[in-house]
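Trainee: attaching a predicted model along with its sequence, questions to come.
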4 protein chains.
Amino acid sequence: MPELLTQPITLKISGGRVNRNSPQAYCLLSRPNREKIAAMENDRLAAFSDGVIAVIITIMVLDLKIPHGASFSALAVAAPTFVSYILSFVYVAIYWNNHHHFFQLVPRVTGTILWANLHLLFWLSLIPFATAWLGEHHTAPVPTALYGVALLMAALAWYILQTTIIHTQGQASALSKAVGRDIKGKISPILYTAGILLAFVDTIIADALYAVVAIFWLIPDRRVERAVSRQ
Amino acid sequence: MPELLTQPITLKISGGRVNRNSPQAYCLLSRPNREKIAAMENDRLAAFSDGVIAVIITIMVLDLKIPHGASFSALAVAAPTFVSYILSFVYVAIYWNNHHHFFQLVPRVTGTILWANLHLLFWLSLIPFATAWLGEHHTAPVPTALYGVALLMAALAWYILQTTIIHTQGQASALSKAVGRDIKGKISPILYTAGILLAFVDTIIADALYAVVAIFWLIPDRRVERAVSRQ
Amino acid sequence: MPELLTQPITLKISGGRVNRNSPQAYCLLSRPNREKIAAMENDRLAAFSDGVIAVIITIMVLDLKIPHGASFSALAVAAPTFVSYILSFVYVAIYWNNHHHFFQLVPRVTGTILWANLHLLFWLSLIPFATAWLGEHHTAPVPTALYGVALLMAALAWYILQTTIIHTQGQASALSKAVGRDIKGKISPILYTAGILLAFVDTIIADALYAVVAIFWLIPDRRVERAVSRQ
Amino acid sequence: MPELLTQPITLKISGGRVNRNSPQAYCLLSRPNREKIAAMENDRLAAFSDGVIAVIITIMVLDLKIPHGASFSALAVAAPTFVSYILSFVYVAIYWNNHHHFFQLVPRVTGTILWANLHLLFWLSLIPFATAWLGEHHTAPVPTALYGVALLMAALAWYILQTTIIHTQGQASALSKAVGRDIKGKISPILYTAGILLAFVDTIIADALYAVVAIFWLIPDRRVERAVSRQ
């Protein structure tokens, strides 16, 4: 239905032929469209990643085997699996969180970024597997080491993704500045590797190391957030 | 509330460099962009939460064990599991519903809100586990109590999320007003706790309490909705 | 960075104080915002429904038991399960498809619509369960009847959702016109009911009826689509 | 291509009723709205496809059976399953990737496109099933052939989807040009068919062929991407 404009609105753009890419047209139309297209691209990568990460973080609960029997003792048996579930939930949550902040500074994605992102999702998708195996054999070295390998590979995949994105944006980009020297990102793989090796000495040390890195990432990292609000 | 423009908007951009942050540019461009960026942030938190809650609410059906045999009696065996499935479905649906309404009043999310939200999702993700165990031992005290614990923790996580958001917005915010004294939110944990304890007296009482709280939340809560439409 | 506007743009709105809800402000700002808010609401209901339906349609494949052995004959054993999988996939796809078209005409969702939608999702979420049971006992009356019950309940839930939405929009709405007398929607439940009853006579008849209704819905239904493009 | 405005945009709305479909209103309002509606349609198809593909790519990990025992040898047993998991992950990722690029050039979706897309999702949804069976019997001809059948059907479904979309857009469309002679799309089915047949000669040859096609698609295909940025 028609609506009322009780006051005159005068919008005058002088000049005849107006190219859609000219400043005027740009100002009225093209800019939002451009952003929309870029945003759509980014949105869909984000949406797909959200979907995959949402499934990863949730299907892990399917590996929490229902206790045999209905007693406290039966529940207690599930405790170690539960602990590994918490750790993995936190890790996947950290990745989603960083992904969320990171891609706010990535207006446009390239094919290379898509693949670097899929590569990250691949390694994240193995965390439920590693978690379930660790949950069943929480004192055994090999499952403990494998869990560390999954974390290590995901960390490397993240590093590749980050580097790829910064590469496409240039060293001067807000993102590049936000990431800075990225000490966290550089130390984590070292600690994972230590965990993997020490799993064969004492699994407790390895588990401790994995937990430490998680806590270490939980400490709010304002770098990217700050860069976003700065924009 | 209406926004006043005390000056007539006379926007004359006659050539020259115009900074994207100038009032003129702002009027034509920046405002929607700002909102867009904020919305995108919010959207992605919403999208991820939707994804996780969608998986949680759906994978519960995987715990509905297929009856052994093809008779009515075989189907009847699945009945208690089915009842607990309905209850859990309703609970997760309530959380999604509140989440949906709530985040309409949260234009911009902070890192703290992201984590408070992930904390809520963690406890919600345990509902399928608690449901499956309760379904298998629906007359046993421990599974009935554990189910209540899952509900209690989710309720507390919701309370934390709500408080965090209101804190970032200030007591004067539409959301703070909308939530008001939040009697429901304060009574529910008490009833869950009662259910957990009474599960060891009689599981029926506990189940009844869990059901009561659900119905209690199903009664449409127009507070937030009203605040949204008021905007 | 600043950008260039080489041509003057004159946007003059006479008058002093401008209420954000005044036509002028409305024209420049409020309209897109209003739509944005409405769209966001709708989008999120759509996003969540998409998520749930996506999980429903996909987890059904988890009930396709992997054949014991690697021979053709081993694969042949899975055939009936596969057929029921196809039928269910088509049904869930039909629901998503109608949902997709339908909600294009629902700019704003109310709490009642949210719940009517969740009620539909509940019954859809039982289709994988019914499918798996039917797949295991495809010649048994009870599983065949139960499958029909799942379809019937989903159909009724859809009818409730449709009625709720039209109720909020009024009989004059594009949607109400698009749905019209809704013969399909009225006949389907009758055929499902017939299938449920005839399952105890001959499961083939029931299966045939379920398949007929599916085909019946697959025939493109342009009503809503036409209404959308008409807008 | 640039859009020409042959008249200077002098938009004077001096009071009175202005129909929302008048050129003036169009200039200020309708264009973005129209695009928004189209985008919403497309977005939702994309969102649903993302959801389904996200679940497909992730639930495959549930078929990675947890090794019996905690030794390296126990883990080694899972190796072939793991290899087939990688291959399938890559395939599903390729489909998502192409889907992502492709639908950037599909502003508006029709009912036919929706169904062609659902048909693709159906065959993709069988990949986890085929993968799990292949993983358990990686040297057996029938599972190896079936895996190829799943890939072949998905490829044909993609071809149908692509043809449907181009048909609705016309041969002159950017998409049609972008796809061009589509050699990849034409050769892949031939190689899959060869793999299916050769599976009964030697499964290694079949596996090799499946892997070759995947690599073949991994080589960045800039056709569509270029067309997008050209816009």
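Mentor: Structure received. Predicted model only: the values in this text are computed from it and were never measured. Numbering: from 1, shown residues only, chains lettered A, B, ... in the order given.

Trainee: any stretches of chain A with poor pLDDT?
Mentor: A:1-41, A:220-231 (pLDDT under 70).

Trainee: which residues of it fall in strands?
Mentor: Assigned by DSSP state E, chain A shows strands spanning A:3-4, A:9-13, A:18-19.

Trainee: burial count for residue A:110?
Mentor: Residue crowding around residue A:110 was assessed by other C-beta atoms under 10 Å in any protein chain shown; the count is 18. Where you see a C-beta, it was placed from the backbone N, CA and C, and this is true even at glycine.

Trainee: nearest residue to it other than its sequence neighbours?
Mentor: residue A:168 (5.7 Å; C-beta to C-beta, 6 or more residues apart in numbering or on different chains).

Trainee: now do residue A:153
Mentor: Nearest one to residue A:153, counting by C-beta to C-beta, 6+ apart, is residue A:123 at 4.3 Å.

Trainee: over to residue A:91?
Mentor: Nearest non-adjacent residue to residue A:91 (C-beta to C-beta, 6+ apart): residue A:214, at 5.9 Å.

Trainee: circling back: relative to residue A:111, how far out is the residue nearest to residue A:110?
Mentor: 11 Å (C-beta to C-beta, to the nearest Å).

Trainee: ok, residue A:62 next?
Mentor: With C-beta to C-beta as the criterion, residue A:62 and residue A:111 are 33 Å apart.

Trainee: higher neighbour count, these two?
Mentor: residue A:62 (19 against 15).

Trainee: show me what contacts the more buried one?
Mentor: B:59, B:62, B:128, D:62 (C-beta atoms under 8 Å, 6 or more residues apart in numbering or on different chains).

Trainee: make it 10 Å
Mentor: A:128, A:132, B:55, B:59, B:62, B:63, B:128, B:129, B:132, C:62, D:59, D:62 (C-beta atoms under 10 Å, 6 or more residues apart in numbering or on different chains).

Trainee: just residue A:214 next, same as before
Mentor: A:86, A:87, A:88, A:89, A:90, A:91, A:93, A:94, A:151, A:188.

Trainee: and those, which are buried?
Mentor: Buried members of these, counted by 16 or more other C-beta atoms under 10 Å in any protein chain shown: A:87, A:88, A:89, A:90, A:91, A:93, A:94, A:151, A:188.

Trainee: can you tell me which of these is nearest residue B:141?
Mentor: residue A:89 (27.4 Å; C-beta to C-beta).

Trainee: wait, the closest one sits on residue A:61?
Mentor: Yes. Between residue A:89 and residue A:61 a contact is recorded at 8.9 Å, counting by C-beta atoms under 10 Å.

Trainee: and residue A:160, how far is that from residue D:124?
Mentor: 26 Å.

Trainee: with neighbour numbers in mind, choose between those two.
Mentor: residue D:124 (28 against 15).

Trainee: was I right to think that one contacts residue D:53?
Mentor: Yes. Using C-beta under 10 Å, residue D:124 is in contact with residue D:53, at 6.6 Å.

Trainee: which neighbours do these two have in common?
Mentor: C:58, D:92, D:95, D:96, D:99.

Trainee: re the thing from before, let's see if you can find the most crowded of the contacts of residue A:62.
Mentor: Most surrounded of the contacts of residue A:62: other C-beta under 10 Å gives residue B:55, at 30 neighbours.

Trainee: show me the contacts for that residue.
Mentor: Contacts of residue B:55 (C-beta under 10 Å, 6+ apart): A:51, A:54-59, A:61-62, B:125, B:128, C:51-52, C:54-55, C:59, D:51, D:54-55, D:58.

Trainee: switch the cut-off to 7 Å
Mentor: Applying C-beta atoms under 7 Å, 6 or more residues apart in numbering or on different chains to residue B:55 gives the contacts A:54, A:55, A:58, C:55.

Trainee: ok, so of those residues, who is nearest chain D?
Mentor: residue A:55 (3.9 Å; C-beta to the nearest C-beta).

Trainee: many thanks, have a good one.
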